[in-house]
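# need a structure here:
(chains A, B, C and D)
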2 protein chains.
Amino acid sequence: MSRRSGILEFAVLGLLRESPMHGYELRKRLNTSLGVFRAFSYGSLYPCLKTLVQQGWLIEEPGNPPEDPLAAPLAGRRGKIVYRLTAEGKEHFEELLAQTGPDAWEDEHFGIRFAFFGQTSRDVRVRVLEGRRTRLEERLAKMRASLARTRERLDDYTLELQRHGMESVEREVRWLNELIESERAGRDRRETGEEPPSEHRSPDTGGLPRHQGETLPDPSDDTT
Amino acid sequence: MSRRSGILEFAVLGLLRESPMHGYELRKRLNTSLGVFRAFSYGSLYPCLKTLVQQGWLIEEPGNPPEDPLAAPLAGRRGKIVYRLTAEGKEHFEELLAQTGPDAWEDEHFGIRFAFFGQTSRDVRVRVLEGRRTRLEERLAKMRASLARTRERLDDYTLELQRHGMESVEREVRWLNELIESERAGRDRRETGEEPPSEHRSPDTGGLPRHQGETLPDPSDDTT
DNA sequence: TTCGTCATGTAATGGGTTACATGATTAC
DNA sequence: GTAATCATGTAACCCATTACATGACGAA
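Residues are numbered from 1 along each chain as shown, chains lettered A, B, ... in the order given. Here you go, the predicted model:
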């Protein structure tokens, strides 16, 4: 039982916006491109797809995705299902993208949101990046306060844990600063939607901060 | 319904090994010392405590912890409960500490395990650190392979996400290397159990690698 | 006397995983 | 013909959270 995930929903809509796909294929992309940070199983994916169809954001079509349209209608047997984003789904995804509320700044969501940054405006990107930075700075302040308060009774390892944790968060903040600066400088990025000629990719931005090591339960099958 | 957590169980036993506590107090420590990396709520803590009692690893005592033994037996009302580690619990915790199986190297577990490193032997510490390093190196290899394979179709943001993620993991590996070296060099650390004079804390080790930013749902009350 | 904090709990829910069950298609 | 991989799904479970319910105790 999963039904309506949140971030999984977001990622599914985002991937299907590019092109229709099988659930199987979807899961593979979820666990490679995005899956460096997060892996999903069929047990959550397929139920999620069902509810997205119920919402009217996706439609199911029999057969294979555009690349190999050889598959006959195949009415009887269980058959393959291609999921395609509807107009409503597209609209809904755009709303999700534009959201800058607090969950856009949460650790679990930030990475995946970032991966779809190419589909929003620079304005939204900057707001989300700043929100995330604020979050991390608050966290840092708490960590520092807590460390200053209880230093004596902590042993070496716990202390080192804290120290390294703080250092990591600090580095993440620095990285966000670079990203924000880069966005503000207005490097040649697409404003929204479609891809640019895909030639010049400005090499000066940065990458995702989230868990350097979190999740990743061994994607196991991505050997294509 | 939670019952038997794994890592929560581990942390609870580890904290109670130091001294008996109330559930409330336990949760506070869980969310300060350790909570920089992970927060727990009562909804998981209290049920967990119950099952640990059932296992015979803890006993419940009425009253207050050692520091203020003023509380009368208070039979009737719901009353406070102090949880104390039993001999069996202590033994069980030591077994858990000595485990070097794969879950000792998982992201979710590593941070908390590390916090209790002071209670194991150097031997176990090194094995756990090396295991973690191996894990991360495998992950890194996969990330590199995947990146090399699919580079063209990824947009700037997804690419940057990958790049930054890899960089973080690489940094974590470097940190593990320092820790391992430091352990091997045999810096003046306690071998097991009790605290040393707590004066010289070798400043050359490092800190925890796990998620720089994961979890942390705003501990909200740690102002002591 | 009321507010903050200490203190213990439960029910409903969330968002996932693992293991299982099934079967089609492709490559050798 | 058989193994690998493609492909879809479900049931049982896991481990947590949130919101709720209850109440004692100290300080202003």
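# now do the SS call for the residue positioned nearest the centre of chain A.
By C-alpha atoms, centre = their mean, chain A has its centre lying nearest to A:Ile112, at 0.9 Å. Classification of A:Ile112 by DSSP: H, G, I helix; E, B strand; the rest coil places it in helix.
# tell me who's in contact with it.
A:Ile7, A:Phe10, A:Ala11, A:Gly14, A:Leu34, A:Phe37, A:Arg38 (C-beta atoms under 8 Å, 6 or more residues apart in numbering or on different chains). C-beta here means a position set from N, CA and C on the backbone, and glycine is covered the same way.
# kindly recompute the last result at 7 Å.
A:Ile7, A:Phe10, A:Ala11, A:Leu34, A:Arg38 (C-beta atoms under 7 Å, 6 or more residues apart in numbering or on different chains).
# what about A:Arg144, how many residues nearby?
Using other C-beta atoms under 10 Å in any protein chain shown, A:Arg144 has 12 neighbouring residues.
# my error: substitute A:Val128 in the last question.
By the criterion of other C-beta under 10 Å, A:Val128 has 23 neighbours.
# domain ranges for chain A, per the record?
Chain A resolves into domains spanning A:7-66+A:80-98, A:120-184 when parsed by automatic domain parsing.
# dump those to CSV, plus mean pLDDT and distance to chain B.
Output for the domains of chain A, formatted as CSV (pLDDT from 0 to 100; distance: least, C-beta to the nearest C-beta, whole Å):
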stretch, mean pLDDT, distance to chain B
domain A:7-66+A:80-98, 91, 5
domain A:120-184, 90, 2
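# DNA strand C: which of the ones you listed is closest?
Taking C-beta to the nearest atom of the strand, domain A:7-66+A:80-98 is the member of the domains of chain A nearest to DNA strand C, at 2.4 Å.
# hang on, the earlier thing: tell me which two of the contacts of A:Ile112 sit farthest apart.
A:Phe10 and A:Arg38 (11.2 Å; C-beta to C-beta).
# got CSV for the domains of chain A, with distance to DNA strand C too?
Shown next, in CSV, are the domains of chain A (distance: least, C-beta to the nearest atom of the strand, whole Å):
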stretch, distance to DNA strand C
domain A:7-66+A:80-98, 2
domain A:120-184, 13
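# with distance to B:Ser146 as added columns, please give the ones you listed in a markdown table.
Shown next, in a markdown table, are those (distance: least, C-beta to C-beta, whole Å):
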| stretch | distance to B:Ser146 |
| --- | --- |
| domain A:7-66+A:80-98 | 5 |
| domain A:120-184 | 22 |
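# wait, which of those is closest to B:Glu106?
Judged by C-beta to C-beta, the one of the domains of chain A that comes nearest to B:Glu106 is domain A:7-66+A:80-98, at 13.0 Å.
# figure out the helix or strand that the closest residue in space to A:Arg122 that isn't next to it in sequence lives in.
Spatially, and ignoring its direct neighbours in sequence, A:Arg122 is nearest to A:Glu183 (5.6 Å; C-beta to C-beta, 6 or more residues apart in numbering or on different chains). Assigning secondary structure by DSSP states H and E places A:Glu183 in helix A:156-184.
# cool, A:Val82 as well?
Counting by DSSP H and E, the element that carries A:Val82 is strand A:81-85.
# how about A:Lys90?
Using DSSP H and E, A:Lys90 sits in helix A:87-98.
# separation between A:Arg84 and A:Val53?
Counting by C-beta to C-beta, to the nearest Å, the gap from A:Arg84 to A:Val53 is 10 Å.
# between those two, which contacts overlap?
Counting by C-beta under 7 Å, 6+ apart, the contacts common to A:Arg84 and A:Val53 are A:Ile59.
# stretch A:31-42: which residues count as buried?
By neighbour count with 16 or more other C-beta atoms under 10 Å in any protein chain shown, stretch A:31-42 contains the buried residues A:Asn31, A:Thr32, A:Ser33, A:Leu34, A:Gly35, A:Val36, A:Phe37, A:Arg38, A:Ala39, A:Phe40.
# for that stretch, measure first residue to last.
With C-alpha to C-alpha, to the nearest Å as the measure, stretch A:31-42 spans 11 Å from end to end.
# again, but for stretch A:146-165
13 Å.
# re the thing from before, quick one: pLDDT of the residue nearest to the centre of chain A?
Note for A:Ile112: predicted pLDDT of 91.
# and it, how far from A:Ile7?
6 Å.
# please see if the helix or strand that A:Arg127 is a member of touches DNA strand D.
Following DSSP H and E, the helix or strand that holds A:Arg127 is helix A:122-150. No. Helix A:122-150 lies out of reach of DNA strand D by C-beta under 7 Å from any atom of the strand, never closer than 14.5 Å.
# how about that helix: buried residues?
If you call a residue buried by 16+ other C-beta under 10 Å, then helix A:122-150 has these buried ones: A:122, A:124-125, A:127-133, A:135-136, A:139-140, A:142-143, A:146-147, A:150.
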